[in-house]
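[1] Next come a sequence and a model predicted from it.
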Amino acid sequence: MAAQNTDYVLATMASITSTLAAHVAQLTQEKFLVIDKPAIRVRNVAACLFAALAHQVTDATATKTDGDNAVEVAIGMLGITPHQAKELAHGKLPKYDSSQ
């Protein structure tokens, strides 16, 4: 599927990476994250998240826990402690408000 929609996949990846970069910049400015090389970290996290997504949609044996574990490991690259990463990755998602 991705091979047939390369432009869409690349545009989506760029958009998500850009959004992630903005969030990381804000969290760094607010001193919640104290990291070096944020641009490299954002690219690496985005790559890990896309790899996890590919695993989830192409492997019939992939579980929700597999996805959560991938997120947990990936966000550790942003300087989030292992304990915080586990809570964030495995916790309940907030209700999404599409009007925002």
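    Happy to help now that I have it.
[2] going forward, measure contacts between C-alpha atoms and count neighbours the same way
    Fine.
[3] Quick one: mean pLDDT over whatever helix or strand Q84 lives in.
    Counting by DSSP states H and E, the element that carries Q84 is helix 82-90. Mean pLDDT, taken over the full extent of helix 82-90, equals 95.
[4] tell me what that helix is packed against?
    With contacts defined as 3 or more Cα pairs under 8 Å, 6 or more residues apart in numbering; DSSP states H and E, the secondary structure elements packing on helix 82-90 are helix 64-75.
[5] Point out the other helices and strands that the longest helix along the chain packs with.
    Counting by DSSP state H, the longest helix found in the chain is helix 6-29. Of the remaining helices and strands, those touching helix 6-29 by 3+ Cα pairs under 8 Å, 6+ apart are helix 38-58.
[6] What residues sit buried inside the helix it packs on?
    Buried positions in helix 38-58, judged by neighbour count with 16 or more other Cα atoms under 10 Å: 38, 41-46, 48-49, 52, 55-56.
[7] Kindly report the same for stretch 64-71.
    With burial defined by 16+ other Cα under 10 Å, the residues of stretch 64-71 counted as buried are 67-71.
[8] Columns pLDDT and distance to D97 on top of those residues, output as a markdown table?
    Converted to a markdown table, these look like this (pLDDT from 0 to 100; distance: Cα to Cα, whole Å):
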| residue | pLDDT | distance to D97 |
| --- | --- | --- |
| G67 | 94 | 23 |
| D68 | 95 | 22 |
| N69 | 96 | 25 |
| A70 | 96 | 25 |
| V71 | 95 | 22 |
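[9] quick revisit: now for the buried residues of helix 38-58: which two are most distant?
    Of all pairs drawn from those, the one with the longest distance (Cα to Cα) is P38 and Q56, at 26.6 Å.
[10] which residue packs closest to the residue nearest the centre of the chain, ignoring adjacent ones?
    Nearest to the mean C-alpha position of the chain, by Cα atoms, centre = their mean, lies L49 at 4.7 Å. Nearest-residue entry for L49: V71, 6.6 Å, with adjacent residues in sequence omitted and distances by Cα to Cα, 6 or more residues apart in numbering.
[11] Now do the contacts for the one you found.
    V71 sits next to 48-49, 52, 89 when contact means Cα atoms under 8 Å, 6 or more residues apart in numbering.
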